[in-house]
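> sequence and predicted structure, then a few things I'm wondering about:
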Amino acid sequence: MLTDTVSSQQEVWRADVARVRRAVLDLRLLIILVLAFVSGALAYQAPAAVDVPIGWLGDRLFLRASEGQSASDSQSFYGDEITEHARSGRSRWTRAGAVLQFPGIGRGDLDLTLRAQGWPADVLGSVAQPEVSVLADGSEIGRF
């Protein structure tokens with residue numbers, strides 16, 4: 001009788017193992033896992049497309065804004081303003097320097113389009129237009 005009990009327990013165990021194997025090797029699960037892996041790999045191949053309309057909601061994720069006059073505020077933007085000369089109708093202005101940060105972009109190729117507007121025409125008589133240098137990781141990648 002002891003032998004019968006042990007052998008019946010082994011049969012139940014083997015049946016459970018076979019059931020688990022069938023579930024793991026089920027074709028539907030395999031297809032889902034392959035599709036998840038392929039879509040994850042393709043997601044990192046797509047180029048980053050970011051449009052940051054400066055002056056609109058959400059731009060503060062990429063820039064610092066401060067009206068302060070301290071040294072720590074020297075790389076920040078002023079508050080957003082409604083501007084009739086700007087394409088979008090809103091803008092921000094800066095001091096001599098300003099920083100935009102795009103965390104998590106990665107190391108792949110990136111197309112950057114930067115729309116900037118200099119001094120208004122009525123001020124240009126006494127002031128030259130500013131020169132803008134674009135830096136990425138501390139290296140200059142453009143100037144206008």
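Ah, there it is. Residues are numbered from 1 along each chain as shown.
> show me the shaky parts of this protein.
Within the chain, the ranges that satisfy pLDDT under 70 run 1-10, 23-25, 45-50, 104-107.
> in it, which spans are strands?
Applying DSSP state E to the chain gives strands spanning 81-82, 90-91, 133-136, 139-143.
> restricting to C-alpha, output the third one in PDB.
What follows is strand 133-136 as a C-alpha-only set of coordinates in PDB (Å, rounded to 0.1, in the frame of the first residue of the first chain):
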ATOM      1  CA  SER A 133      26.000  79.400 -29.700                       C
ATOM      2  CA  VAL A 134      24.300  76.000 -29.400                       C
ATOM      3  CA  LEU A 135      26.200  73.500 -27.200                       C
ATOM      4  CA  ALA A 136      25.600  69.800 -26.800                       C
END
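> just list what it packs against, helices and strands only.
strand 139-143 (3 or more Cβ pairs under 8 Å, 6 or more residues apart in numbering; DSSP states H and E). (Glycine included, C-beta is placed from N, CA and C.)
> off-centre distance for the strand it packs on?
21 Å (Cα atoms, centre = their mean, to the nearest Å).
> list the neighbouring strands of that strand plus their orientation.
strand 133-136 (antiparallel) (DSSP bridges).
> show residues contacting the strand it pairs with.
Strand 133-136 is contacted from outside by L112, L114, E140, I141, G142, R143, using Cβ atoms under 8 Å, 6 or more residues apart in numbering.
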